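Novice: Predicted structure and sequence below. I'll ask about it afterward.
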Amino acid sequence: MLPRSRQPIYVLMAALLAFAVPQAVLGQAPAHIVSPLELQKAEQNATQTRQQHMDALKGFLGSADAQKALEKAHMDPVQVQNAIAGLNDQELAQLATRANKAQSEFAAGSLSNNDLLLILVFFAALILIIVAVKS
């Protein structure tokens, strides 16, 4: 049995827990609930981002010089373009970022035309390998 001097403290603590905790829990909206509108916006943003990355890669690999470099490397430019859609969002984002960086370095004069064409062939080979491994 508990000493009589401590019983009021335990009763007070039990009362506080009984009334304070449920009110605090019930008074807050759960943070994990997402509205359908927020889900739709997130999906639209993801779709737009994916399309921007695909456009960046297709633009990088779609130039006339890139097409010639791919053909010299015995790669089908159409197959490479079609394989871009088979990349997941993370792979697509990484390659698009690197393609944009290579284009900006080329524009700044850091890369020669031959360097850029080698990078193009490397990107195409990497895309084909990633998609082939997934299949």
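Specialist: Nice, I can see it. Numbering: from 1, shown residues only.
Novice: So which helix or strand of this structure has the lowest pLDDT on average?
Specialist: Within the chain, confidence by mean pLDDT, DSSP states H and E is lowest for helix 7-27 among all helices and strands, at a mean of 61.
Novice: Does anything pack onto the helix or strand following it? Which helices or strands?
Specialist: Next helix or strand after helix 7-27 toward the C-terminus (DSSP states H and E): helix 36-61. Under the contact definition 3 or more Cβ pairs under 8 Å, 6 or more residues apart in numbering; DSSP states H and E, helix 36-61 sits against helix 77-83, helix 89-108, helix 113-134. Any C-beta I mention is one placed from the backbone N, CA and C, and that applies to glycine too.
Novice: burial count for residue 34?
Specialist: 9 (other Cβ atoms under 10 Å).
Novice: Quick check on it: phi, psi?
Specialist: With angles defined as degrees, to the nearest 10, residue 34 sits at phi -120, psi 140.
Novice: and the gap between it and residue 49?
Specialist: Distance of residue 34 to residue 49, computed by Cβ to Cβ, to the nearest Å: 19 Å.
Novice: ok, now residue 99?
Specialist: Per Cβ to Cβ, residue 99 is found 15 Å from residue 49.
Novice: Neighbour count for these two, which is higher?
Specialist: Using other Cβ under 10 Å, the more surrounded residue of residue 99 and residue 49 is residue 99, with 20 against 14.
Novice: ok, the more buried one - contacts?
Specialist: 56-57, 60-61, 123 (Cβ atoms under 8 Å, 6 or more residues apart in numbering).
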